[in-house]
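Q: Here you go, sequence then predicted model.
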Amino acid sequence: MYHEQRGHITLVTGPMFSGKTTELLRLHGRQQLAGKRCVLVKYAKDTRYDENLIATHDKHKSLSNTIKANELQEVYGEMFDEAVDVVAIDEGQFFSDLADTCERLMRARKIVIVAALNARFDRKAFEQVALLQPNANEITLLTAVCDCGENAIFTHRKSAATEEELIGGKEVYKACCRECYYKAESEMHDGENIYPKKMVDDFFMTSTRLHISPEKKPRLDGRPLSPRTASKNGH
Ligand SMILES: Nc1ncnc2c1ncn2[C@@H]1O[C@H](COP(=O)(O)OP(=O)(O)O)[C@@H](O)[C@H]1O
Ligand SMILES: Cc1cn([C@H]2C[C@H](O)[C@@H](COP(=O)(O)O)O2)c(=O)[nH]c1=O
């Protein structure tokens, strides 16, 4: 029996270099194999590896049906075309109308796939990604590889620039695990002081959110606890 396609939103997220674009292209390729008619949307200002095509850091590129936009509204004609089943959007964090457009596409019974950063360089949310998240049917959180070998969950910006949008690659950004992120940030902002107060406070706030008991919080300077403190804290 034939079923009409239902709308569906998949969000692929993670830090830079975690394979979001690779996964977007893979999911898009599967839909093409299934005979679906697809469009890929590229953020027009991101011309790092190609002017017109979506490209991964290791230079794999989208081949066909890629359209460019600064705002998604510019390409509503192509995306909402009756003939289109699947819309795949790269660099979702940069589209100011991302969340609303995904809702409209889903209501129009399109399969929507979005690749977007999990957090800004300062670990704050990209507003449109935060708005999309609760509306997604599926969320895949990818990790990159940190220099220390751990899974990288954050993106460190090597420059002191504070604007939200700063297009770049390895010359400006590095994927980090939590510990290396703290170190990189504190070295950049405080010179020798590896764990300044702000970072310690941030860490403890995170611990509180994760319900780690305050007594069990580890030292942040890597030195062992004194036997008396260790036994008092139940370590
Ligand atoms: N630190 C890193 N961790 C994982 N992959 C990396 C790293 N640095 C470079 N890469 C490369 O980046 C590729 C992923 O690129 P891409 O899909 O464009 O990621 P994203 O879209 O998440 O930035 C990997 O296949 C790998 O070749
Ligand atoms: C963390 C962060 C990143 N950017 C930019 C840098 C790149 O141009 C893209 C992310 O690309 P990728 O496919 O995920 O590697 O976003 C930014 O503008 N602001 C940030 O905070």
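A: That came through fine. Ligands and ions are numbered 1, 2, ... in the order given.

Q: Gly29: which element?
A: Element membership of Gly29 [criterion: DSSP states H and E] is helix 20-33.

Q: Please point out which parts of that helix sit buried.
A: 20-25, 27-28, 31 (16 or more other C-beta atoms under 10 Å). The C-beta positions use only the backbone N, C-alpha and C, and glycine is treated the same way.

Q: what do you get for stretch 133-142?
A: 133, 136, 140, 142.

Q: Could you tell me the end-to-end distance of it?
A: Start to finish, the residues bounding stretch 133-142 are 15 Å apart (C-alpha to C-alpha, to the nearest Å).

Q: Quick check: residues of the protein near ligand 2?
A: Residues of the chain that fall close to ligand 2, judged by C-beta under 6 Å from any ligand atom: 16-17, 20-21, 46, 117, 120-121, 155, 164-168, 173.

Q: filter those to the buried ones?
A: For the residues of the chain next to ligand 2, a burial check counting by 16+ other C-beta under 10 Å picks out 16-17, 20-21, 46, 117, 120-121, 155, 173.

Q: Those residues in helices, which ones?
A: Residues of those located in helices (DSSP state H): 20-21.

Q: Can you lay out the buried ones among the residues of the chain next to ligand 2 as TSV showing pLDDT?
A: Shown next, in TSV, are those (pLDDT from 0 to 100):
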residue	pLDDT
Met16	98
Phe17	98
Lys20	98
Thr21	97
Asp46	94
Leu117	98
Arg120	98
Phe121	97
Thr155	98
Tyr173	98
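
Q: Output the buried ones among the residues of the chain next to ligand 2 as a markdown table; include the columns distance to ligand 1.
A: Conversion of these to a markdown table gives the following (distance: C-beta to the nearest ligand atom, whole Å):
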| residue | distance to ligand 1 |
| --- | --- |
| Met16 | 5 |
| Phe17 | 4 |
| Lys20 | 4 |
| Thr21 | 3 |
| Asp46 | 11 |
| Leu117 | 8 |
| Arg120 | 14 |
| Phe121 | 14 |
| Thr155 | 9 |
| Tyr173 | 9 |
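
Q: Good, wrapping up.
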